[in-house]
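[1] Next input, structure requested:
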Amino acid sequence: MAQDVDLNATPQALFDIVERRLESTDQLVSQACRSLYAWWQEHSTDGLPAKAAFDFLDHVRIAPNLFLVERLEPSKYYHKLYGEVVLDLVGRKWLHRINTPQADEPFARALCSYYDIVMTSAQPMVCHGSLMFAGREHRQFESIDLPLAGPDGSPRFLLGCLETV
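    Below you'll find the predicted structure:
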């Protein structure tokens, strides 16, 4: 079960990654991330946007930067879809993979814990840091993770955007 997390606390460093609650486009450098966050804001006026409201065809320009993760159950995440930029930056290792807190790799366990925070809070998050976890510590990135509702209205998916900065 996920722990309650104070999202206003000092951001935690994770593998040279700083995570923060996303509250404004002013926090974003990447145009792709800004575009996706603008969509999320526009569709979250009446609560969490539904995954069904998102159409990749409406976001063709940034589709290579997008990824989709599905929560199968608490602390169990399926990496469902990666755009070409995401694949180039983090590799194919994560695509179509299920992550749990029992994963062998420390980063996979940390990622699962981070996803629990996003899903429990049902709030968007932004990450800045290096791609050290993918063996590319010389590359800096920005990513956002936006919770989306499943058919029952509860957080079930993470729609994300990743771009080097």
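[2] hmm, who's touching stretch 26-43?
    With CB atoms under 8 Å, 6 or more residues apart in numbering as the contact definition, stretch 26-43 has outside contacts at 20, 22, 25, 49, 53-54, 58-59, 61-62, 65-66, 124, 126, 142-144, 146, 159, 161, 163, 165. C-beta coordinates here come from the backbone N, C-alpha and C atoms, glycine included.
[3] Just the C-alpha atoms of that stretch, please, in PDB.
    C-alpha atoms of stretch 26-43 as PDB (Å, rounded to 0.1, in the frame of the first residue of the first chain):
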ATOM      1  CA  ASP A  26       6.400  28.100 -15.500                       C
ATOM      2  CA  GLN A  27       8.100  25.000 -14.100                       C
ATOM      3  CA  LEU A  28       8.500  23.500 -17.600                       C
ATOM      4  CA  VAL A  29      11.300  24.100 -20.100                       C
ATOM      5  CA  SER A  30      10.300  21.500 -22.800                       C
ATOM      6  CA  GLN A  31       7.700  22.600 -25.400                       C
ATOM      7  CA  ALA A  32       6.500  19.000 -25.700                       C
ATOM      8  CA  CYS A  33       5.900  18.900 -21.900                       C
ATOM      9  CA  ARG A  34       4.200  22.300 -21.900                       C
ATOM     10  CA  SER A  35       1.900  21.200 -24.700                       C
ATOM     11  CA  LEU A  36       0.800  18.000 -22.900                       C
ATOM     12  CA  TYR A  37       0.400  19.700 -19.600                       C
ATOM     13  CA  ALA A  38      -1.800  22.400 -21.200                       C
ATOM     14  CA  TRP A  39      -4.000  19.600 -22.500                       C
ATOM     15  CA  TRP A  40      -4.200  18.000 -19.000                       C
ATOM     16  CA  GLN A  41      -5.100  21.300 -17.400                       C
ATOM     17  CA  GLU A  42      -7.800  22.000 -20.000                       C
ATOM     18  CA  HIS A  43      -9.400  18.600 -19.400                       C
END
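[4] List the buried residues in that stretch.
    Residues 27-28, 30, 32-37, 39-40, 43 are the ones in stretch 26-43 that count as buried (16 or more other CB atoms under 10 Å).
[5] doesn't Glu163 make contact with Val85?
    Yes. Val85 is within contact range of Glu163, at 6.9 Å (criterion: CB atoms under 8 Å).
[6] more crowded one of those two?
    The neighbour count for Val85 versus Glu163, taken as other CB atoms under 10 Å, is higher for Glu163 (22 against 19).
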